[in-house]
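Enquirer: Here's my sequence, what's the structure:
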Amino acid sequence: MEALAAGLTPQYAHKNFGQVATYASRWETPWFTEYCFNSLGVCGLSLETPYGMIGETVLTRERYREAGARIAEAVIKQCLIQ
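Expert: Here you go, the predicted model:
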């Protein structure tokens, strides 16, 4: 979780980044969840993206792409460490 937060902060991570959802899963076969647990040490990964802004940052297409690239880079770096 820290790897993802480090990749997104300070511009794109919410102050409550890493919040644990307590509701039951809606997915019968959570393969991506299993991957995240095995590779990143987190029990699941759900990215909730606001439609317009994060704090003072207006989310343009380019900024959505940048945030997605940061997430991908953080996952890859963490996988290479393990």
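
Enquirer: what about Q78, neighbour count?
Expert: Q78: 19 surrounding residues under other CB atoms under 10 Å. Any C-beta I mention is one placed from the backbone N, CA and C, and that applies to glycine too.

Enquirer: Can you name the residues that contact it?
Expert: Neighbour list for Q78: 3, 39-40 [criterion: CB atoms under 8 Å, 6 or more residues apart in numbering].

Enquirer: and the lowest-mean-pLDDT helix or strand in the chain, what does it pack onto?
Expert: The weakest-scoring helix or strand in the chain, judged by mean pLDDT, DSSP states H and E, is helix 31-40 (a mean of 73). Applying 3 or more CB pairs under 8 Å, 6 or more residues apart in numbering; DSSP states H and E, we find helix 31-40 packed against helix 61-81.

Enquirer: Which positions within the helix it packs on qualify as buried?
Expert: If you call a residue buried by 16 or more other CB atoms under 10 Å, then helix 61-81 has these buried ones: 67, 70-71, 74-75, 78.
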